[in-house]
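Asker: A structural model of the following input is requested.
(2 chains)
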Amino acid sequence: MSFLKIDNLSVNYGMRKETVYAVKNINIDVKKGEILGLVGESGSGKSTLGNAIINLIDEPGRISNGMVILDGINIHEKPGDIFKYRGKKIGLIFQDPQTSLNPLLTIGEQLIETIQTHLKLNIDECKNRAISLLKEVGIKDADNRFDDYPHQFSGGMRQRVVISLALCCEPELLIADEPTTALDVSIQSQILELIKTLTKERNLAVILITHDMGVISETADRVAVMKNGDLVEIGLTKEILTNPKELYTKSLISSVPPTNKKISRFKIVKTKKNEEKGANIKILNRWNKKKIIYGDLIKIKNLKKTFQDGIFTETSKNTIMAVDDVSFNIREGESFGLVGESGSGKSTIAKMVVNLFKPSSGEIFFDNVCVTKIKKNKEMMNFRKQIQMIFQDPYSSLNGRLKVRDIIAEPIKLHNSLITDNDLDNYINDLLESVELSKKSAIRYPHEFSGGQRQRISIARALATQPRLLVCDEPTSALDVSIQAQILNLLKDLQEQLNLTILFISHDLPVVRQMCDKIGVLRNGKLCEVSDTEKLFLEPKHEYSKELLYLMPKIESIYD
Amino acid sequence: MDNQNLSLIERIRDSDVYFSFIKSPTAIISTIILTIIFFCSFFVEFVAPFNPFNPSSLSLMDAFTPPSWSEDGISKFLLGTDGQGRDMLSTILYGSRISLIVGFSAILFSLILGVALGLTAGYFGGKYEMFVMRITDVQLTVPSILMALLVDGIARGLISKESHDEMAIYVLIFAIGISEWPQFARVSRAATLVEKNKDYISASTIIGVSNIKIMFKHILPNILRPILVIGTIGLALAIIAESTLSFLGVGVPPTTPSLGTLIRIGNDFLFSGEWWITFFPAIFLVILAFSINLLGDWMRDTLNPKLN
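Answerer: Down below sits the predicted model:
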């Protein structure tokens, strides 16, 4: 007997021009003691479905038909009834632990408030209950930390508090919406482990909403795949992952970077729309065919960067070592990966390499020229031309007020002021074609493109100066997994044909494994280990590398 | 050319701003009122029934004629006449032109000054930013009308008496403009700080685009929205400031009266019963400022990304 039954549920949004169905006729059952993974790309309606269960759809959206039956009762029947279920029978965990706790109240106050709302207990009973809950979710020294404010906890600890809030009224159904997406990999595995244990111990029904196949494979018992509001496929996790029936599921799984081997390209399953072909690199003949010296293109020596914390800080002692004595070299034509958790200093290094930040001490050599000592404007321009960057967030990396054509034309005109309009147009078209965008894209504005297409525009802009080094700062972490596969394929093709050198920064180990020849592992600003990719994955030397590799969610674990 | 125009109109029709405009009666009404006022003010020579500044058309016999609908009213003078026999309606329309010119020029002046300082302060930061922002802080402690009075006083001392009357309007523009710029500087600095940290600015830096170009080609178009909103609301303030100064007698001279001057002149007759001489310019000023403010409010609501 299923505990939660979602019966033919639809949610639509009445927009100005049309009615958009975010969720279309979904039927799902969840049993007690079971974790159902709800997986899909952005816009698939997975979060909307989660919110629809507790009737928390924002205007102008509404539940147009269908029922949610919890333990035999239709909880949407009377509009006011839902308050009896929210927080009590149904617990919720949100994505971002930074914003789901009230920063002005202690965690104790927040727990007691929730408990008192639903259960008739006096203050002491509430407090005892809250403390035992905190202990249960693994907060150490819970008695003393009871009166602490949320900012005194780390991200992972805060997510534990959020879980304890969700559990405090003995819910029977738990909805977790991307509970680990904002967390580092080491903390992610702890939180997932906690959710798994709680499910068993308390016999909960859990809906785990996520975009991450690795997370699904390690936690969910069953998985439901969603696309554009439709339920594509539902079944046991192992069956779905090893033997998917639907084309969409197949393509989704094939675009997940494998953790256990290096593949040359990601397979893009053919649908009617996209036919897979290698990028047609039209800009190849324009490329400066300089004799390539297979030496070190970038040499970084004892690089340090400190940030001062606080106001009027020239003399302040609160200096933060963002990058601490890092040295490594990148050979021409090589792709070098920098991995580390948030705050490890990997983006800071990237920004110093492209000369956005000045290092506090240490030297960066590009082609045997010390970057930090460039004074003349002409030399600086020459350096700028040879080194370009691709950013993480495709939405903030393009100026929304300029047409794509003008965005790409800017670097070309700047570094070649003599170019004729005709030549310029041809060059822009070639660049667009090389990143697999149509010529018509040139006259459109960035907001008309999707995240993946915007990232392609970004790449075209970076290639416009014909750089030798491309710094990629988490270029795919804001993208869906199938788009990620396409972008990574594109980067690989470009690198191969144009003989680019790539500094690839990521927190995602499987992605780095696919992209890089060499990897440096960073932790708290220090470089733990530099090693060839295969060697690192097979026999990591440093303790921290071992830990990272062990904790990485592995989609392959399902095959064992 | 034709095609492009068409697509532009279609794009405007398609935009969210147009949609919210159509849905908002206040915005439509205030736009209609403002269009009428602007039209009448700028083509006043053709619209106004009389030219109040042409002595040959004036007759002292017509002085103090009440509005046309009252007992002694003459249909020729719709809103009555003032102490010199000038038609009130025509005088108001001529006066509103001066008020609008002063208001627009003053706000344009303070906008350019404020945005230039705020943008550079936000972009470069450091000691320069500290310096600029402290000046705005200091100036914001002085009420803007006092600031304008001060500037006007200094200008009176510097400019010779003969040329004072013709210079008065420029002094007024400068005085109001200089008292309003800190608003623009603050808003544009804050918006610049937000834009500066976006990746597209980093990308431009890496490409090698110069600071000036980054500021004016990339940042400026992206911070225009909030500036436009406070510019509109500032326009109403500037018009009122002009009227206040003229009312106090330090604005434009009575020979070319603005709305404020008219209110002041009429004020003298208020207790002898000729209420219309001060009432109509005042009500006209209220309608003008109110419409601009309503339009500004609507713009703030529509263009604010946080409220959408």
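
Asker: pull the CA atoms of stretch A:53-70 into CSV?
Answerer: Extracted in CSV, the C-alpha atoms of stretch A:53-70 (Å, rounded to 0.1, in the frame of the first residue of the first chain):
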residue,chain,number,x,y,z
ILE,A,53,2.4,18.3,-3.0
ILE,A,54,2.2,20.8,-0.2
ASN,A,55,0.2,23.3,-2.3
LEU,A,56,2.9,25.9,-2.3
ILE,A,57,2.7,27.1,-5.9
ASP,A,58,3.3,30.8,-6.4
GLU,A,59,1.0,32.9,-8.4
PRO,A,60,0.1,32.8,-11.3
GLY,A,61,0.6,29.1,-11.1
ARG,A,62,-2.2,26.8,-9.9
ILE,A,63,-3.0,23.1,-9.6
SER,A,64,-5.3,22.6,-12.4
ASN,A,65,-6.3,19.0,-11.8
GLY,A,66,-5.4,15.9,-9.9
MET,A,67,-5.1,14.8,-6.3
VAL,A,68,-2.5,14.3,-3.7
ILE,A,69,-3.5,11.4,-1.4
LEU,A,70,-1.5,11.1,1.8
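
Asker: close to chain B, is that stretch?
Answerer: No: using C-beta under 8 Å from any C-beta of the partner chain, stretch A:53-70 never reaches chain B; the gap is at least 12.7 Å. C-beta here means a position set from N, CA and C on the backbone, and glycine is covered the same way.

Asker: just for the stretch 451-560 of chain A, where's the confidence low?
Answerer: A:557-560 (pLDDT under 70).

Asker: tell me where it has helices.
Answerer: According to DSSP state H, counting those that start in this stretch, the stretch 451-560 of chain A carries its helices in the segments A:451-463, A:481-498, A:509-515, A:533-538, A:543-551.

Asker: mind checking which of these is nearest chain B?
Answerer: The closest of the helices of the stretch 451-560 of chain A to chain B is helix A:451-463. By C-beta to the nearest C-beta, the value is 6.8 Å.

Asker: what packs against that closest one?
Answerer: strand A:387-390, helix A:404-415, helix A:421-434, helix A:481-498, helix B:199-207 (3 or more C-beta pairs under 8 Å, 6 or more residues apart in numbering or on different chains; DSSP states H and E).

Asker: among those, which is the most enclosed?
Answerer: strand A:387-390 (a mean of 26; mean count of other C-beta atoms under 10 Å in any protein chain shown).

Asker: hmm, who's touching that strand?
Answerer: With contact meaning C-beta atoms under 8 Å, 6 or more residues apart in numbering or on different chains, strand A:387-390 is reached by A:350, A:353-355, A:366, A:397, A:455, A:458-459, A:461-463, A:465, A:467-473, A:475, B:202-203, B:206-207.

Asker: what sits closest to the residue positioned nearest the centre of chain A if chain neighbours are left out?
Answerer: By C-alpha atoms, centre = their mean, the mean C-alpha position of chain A lies nearest to residue A:477, the distance being 4.0 Å. Spatial nearest neighbour of residue A:477, excluding adjacent residues (C-beta to C-beta, 6 or more residues apart in numbering or on different chains): residue A:392 at 5.9 Å.

Asker: my guess is that neighbour contacts residue A:472. True?
Answerer: No: assessed by C-beta atoms under 8 Å, residue A:392 is found out of contact with residue A:472, at 9.1 Å.

Asker: how far does the helix or strand bottoming out on mean pLDDT in chain A sit from its chain's centre?
Answerer: Here the helix or strand of chain A ranked lowest by mean pLDDT, DSSP states H and E is helix A:82-85, holding a mean of 81. Helix A:82-85 has its C-alpha centroid displaced from the chain centroid by 33 Å (C-alpha atoms, centre = their mean, to the nearest Å).

Asker: any low-confidence regions in the chain?
Answerer: No chain specified, so I'll use chain A. A:1, A:267-282, A:284-285, A:287-294, A:308-318, A:557-560.

Asker: meant chain B actually
Answerer: Using pLDDT under 70, chain B drops low at B:1-7, B:304-308.

Asker: can you tell me the element the single nearest residue of the stretch 1-150 of chain B relative to chain A falls in?
Answerer: At 6.4 Å from chain A, residue B:19 is the closest residue in the stretch 1-150 of chain B, using C-beta to the nearest C-beta. Using DSSP states H and E, residue B:19 sits within helix B:16-22.

Asker: same check on residue A:393?
Answerer: Counting by DSSP H and E, residue A:393 is part of no helix or strand.

Asker: neighbours of the nearest residue to it once chain neighbours are set aside, just the number please.
Answerer: Closest residue in space to residue A:393, ignoring its immediate chain neighbours: residue A:478 at 5.5 Å, by C-beta to C-beta, 6+ apart. Here the count is done by other C-beta atoms under 10 Å in any protein chain shown, and residue A:478 has 20 residues near it.

Asker: coming back round to it: elements contacting the helix holding residue B:19?
Answerer: Judged by 3+ C-beta pairs under 8 Å, 6+ apart, helix B:16-22 is in contact with helix B:25-42, helix B:276-303.

Asker: list the buried ones in that helix?
Answerer: Neighbour-count burial for helix B:16-22 flags B:20, B:21 (criterion: 16 or more other C-beta atoms under 10 Å in any protein chain shown).

Asker: what about residue 261, which SS state?
Answerer: As the question left the chain open, I've gone with chain A. Look at residue A:261: counting by DSSP: H, G, I helix; E, B strand; the rest coil, its state is coil.

Asker: show me where chain B has helices.
Answerer: Per DSSP state H, chain B carries helices over the ranges B:2-14, B:16-22, B:25-42, B:44-47, B:88-124, B:126-141, B:144-158, B:161-196, B:199-207, B:211-213, B:220-247, B:259-269, B:276-303.

Asker: can you list the ones you listed in a markdown table and add distance to residue A:207?
Answerer: Below are the helices of chain B laid out as a markdown table (distance: least, C-beta to C-beta, whole Å):
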| stretch | distance to residue A:207 |
| --- | --- |
| helix B:2-14 | 39 |
| helix B:16-22 | 35 |
| helix B:25-42 | 44 |
| helix B:44-47 | 69 |
| helix B:88-124 | 45 |
| helix B:126-141 | 49 |
| helix B:144-158 | 58 |
| helix B:161-196 | 37 |
| helix B:199-207 | 35 |
| helix B:211-213 | 51 |
| helix B:220-247 | 40 |
| helix B:259-269 | 66 |
| helix B:276-303 | 38 |
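
Asker: show me the contacts for the closest residue in space to residue A:320 that isn't next to it in sequence.
Answerer: The shortest distance from residue A:320 to any non-neighbouring residue, by C-beta to C-beta, 6+ apart, is to residue A:307 (4.8 Å). Residues near residue A:307 by C-beta under 8 Å, 6+ apart: A:319, A:320, A:322.

Asker: neighbours around the first one, how many?
Answerer: Just to be clear, that refers to residue A:319. 13.

Asker: what backbone torsions are found at the closest residue to it other than its chain neighbours?
Answerer: Nearest non-adjacent residue to residue A:319, counting by C-beta to C-beta, 6+ apart: residue A:306, 4.6 Å away. Dihedral pair for residue A:306: phi -120, psi 140, per degrees, to the nearest 10.
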